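*Asks:* Predicted model and sequence follow; I will ask about them next.
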Amino acid sequence: MRQISLLNFINALKLRATGFMNELTEKIIKNLSFYSKKALIQYRNFHYLLKPVTLIKPIFVVGCSRAGTTLIYKTFSQSKHIGSLNKETHDFWAELHPLTERFWNSHAIEQTFASAIDKSKVSKYFYTQTGQTRVVDKNNQNGLSIPYLYQLFPDAHFIFIKRNAGDNIDSLIHGWGKSNEFATWSKNLTETIAIEQGKYQQWCFFLAEGWRHLTKASIEQVCAFQYRTMNEAILVAKTLIPQHQWHEVAYETLINQPVLEFEKLFQACNLPFDEAMKNHCAAVLETPYNTFSEIRVDKWKDGSNQEKISAILPTLADISLQLGY
């Protein structure tokens with residue numbers, strides 16, 4: 001019995017030692033990765049000072065929040081032929097042109113704000129962070145700033161993903177319940193937010209002209225407003241962009257045939273769609289990015305927000321028709 005107890009004790013020590021070594025190794029790898037990345041960024045900063053570069057044919061993913069923009073962005077970020085920060089860049093754009101410049105009226109950066117200085121700052125930021133001169137970018141607000149982005153980069157490509165109003169609004173409503181994730185930027189708003197009789201007290205996703213009229217509205221009214229204003233802004237901006245630089249896809253089509261639809265998008269953006277990307281896209285829905293529930297179409301119809309959405313959908317008939325729904 002003593003021998004068994006001693007063996008058990010020794011085995012327990014071995015397991016602890018193994019666990020400790022694994023943790024230590026993991027920490028060392030993380031530290032090496034962190035400092036290597038930091039050194040690369042410093043080197044690129046130095047290189048940029050000697051020989052400035054300009055982004056070439058950047059790709060901007062646009063669409064209403066919760067329409068599938070993350071699915072597009074994260075998939076394109078898997079390509080070895082393009083640079084990506086693998087995160088939303090709203091902080092960068094907000095520092096470049098703070099909301100205070102526009103009195104917190106809208107996240108839209110006006111076309112008139114575009115300048116050679118902005119182009120240089122944007123190019124430097126993405127180049128030093130990724131080491132690439134062609135990049136993909138995405139954040140909740142870019143759809144309101146397409147004319148500005150196009151003015152900065154006339155060769156830019158835009159990927160617009162649209163989603164049916166019912167499912168998009170359903171996902172927006174769920175998102176408004178996660179203010180720690182989608183309202184981190186809005187803590188300095190001076191207005192009191194009391195949506196749904198105070199249930200939601202922080203503004204989520206993005207600001208568009210007219211938002212102040214909805215600080216005490218119902219949650220479905222707010223989400224319908226965001227769905228309309230974002231998609232209307234994108235459709236208006238679409239007329240400015242050359243056809244070969246504008247690419248649209250419906251969320252419903254994308255999740256039905258991800259390999260085929262992503263291949264079309266990659267080819268349209270002049271990016272190789274190799275075997276590795278094909279395999280990634282074939283399995284992309286198995287490990288979804290930032291979803292609140294299973295991936296399927298019309299799930300709002302049997303969800304907790306069904307009554308709210310049924311009541312608000314008629315007010316969106318015109319924009320839904322313009323989007324092809």
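*Replies:* Perfect, I can see it now.
*Asks:* Could I get the full set of strands for the chain?
*Replies:* Remark: strands assigned in the chain by DSSP state E are 59-62, 136-138, 157-162, 246-250.
*Asks:* Summarise which helices and strands the longest one is packed against.
*Replies:* For strand 157-162, the packing partners by 3 or more C-beta pairs under 8 Å, 6 or more residues apart in numbering; DSSP states H and E come out as strand 59-62, helix 69-76, helix 146-152, helix 219-238, strand 246-250, helix 251-256. Backbone N, C-alpha and C define where each C-beta goes, glycine included.
*Asks:* These: which one's closest to T287?
*Replies:* Smallest distance to T287 across the helices and strands packed on strand 157-162 (C-beta to C-beta): 10.0 Å, for helix 69-76.
*Asks:* C204 reaches A183, doesn't it?
*Replies:* Yes: under the criterion of C-beta atoms under 8 Å, C204 makes contact with A183 at 4.6 Å.
*Asks:* More neighbours: the two, which one.
*Replies:* When C204 and A183 are compared for neighbours, C204 comes out ahead with 24 against 19, by other C-beta atoms under 10 Å.
*Asks:* show me the contacts for that one.
*Replies:* The contact partners of C204, by C-beta atoms under 8 Å, 6 or more residues apart in numbering, come to 175-176, 178-179, 182-183, 186.
*Asks:* Report the buried members of those residues.
*Replies:* Buried residues within the contacts of C204, counting neighbours by 16 or more other C-beta atoms under 10 Å: 175-176, 179, 182-183, 186.
*Asks:* now the nearest residue to V284 once chain neighbours are set aside: how far from V249?
*Replies:* Among residues not flanking V284 along the chain, P258 sits closest, at 5.4 Å (C-beta to C-beta, 6 or more residues apart in numbering). P258 sits 10 Å away from V249, going by C-beta to C-beta, to the nearest Å.
*Asks:* Check whether I159 really touches L254, as I assumed.
*Replies:* No: at 10.7 Å, I159 and L254 do not qualify as touching, with contact defined as C-beta under 8 Å.
*Asks:* any common contacting residues for the two?
*Replies:* Common contact partners of I159 and L254 (C-beta under 8 Å, 6+ apart): I72.
*Asks:* coming back round to it: contacting residues for the residue nearest to V284?
*Replies:* 281-282, 284-285.
*Asks:* could you redo those as CSV and give each row distance to K199 and neighbour count?
*Replies:* Converted to CSV, those look like this (distance: C-beta to C-beta, whole Å; neighbours: other C-beta atoms under 10 Å):
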residue, distance to K199, neighbour count
C281, 38, 22
A282, 41, 12
V284, 34, 21
L285, 32, 16
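*Asks:* which among those gets closest to D167?
*Replies:* Using C-beta to C-beta, the contacts of P258 come closest to D167 at L285, 15.1 Å.
*Asks:* May I ask you to confirm that the closest one is in contact with I295?
*Replies:* Yes: using C-beta under 8 Å, L285 is in contact with I295, at 5.6 Å.
*Asks:* Give me the neighbour count for A94.
*Replies:* 16.
*Asks:* doesn't W185 make contact with it?
*Replies:* Yes: with contact defined as C-beta under 8 Å, A94 reaches W185; the gap is 6.7 Å.
*Asks:* At which residues are the helices of the stretch 51-200 of the chain located?
*Replies:* Counting by DSSP state H, counting those that start in this stretch, residue ranges of the helices within the stretch 51-200 of the chain are 69-76, 90-96, 116-130, 146-152, 165-176, 179-182, 195-198.
*Asks:* got TSV for those, with mean pLDDT and distance to Y325 too?
*Replies:* Output for the helices of the stretch 51-200 of the chain, formatted as TSV (pLDDT from 0 to 100; distance: least, C-beta to C-beta, whole Å):
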stretch	mean pLDDT	distance to Y325
helix 69-76	96	18
helix 90-96	94	28
helix 116-130	96	34
helix 146-152	98	21
helix 165-176	97	7
helix 179-182	93	24
helix 195-198	96	26
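*Asks:* Turn the ones you listed into CSV, columns for distance to Y48.
*Replies:* Formatted as CSV, the helices of the stretch 51-200 of the chain follow (distance: least, C-beta to C-beta, whole Å):
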stretch, distance to Y48
helix 69-76, 24
helix 90-96, 16
helix 116-130, 5
helix 146-152, 17
helix 165-176, 37
helix 179-182, 33
helix 195-198, 44
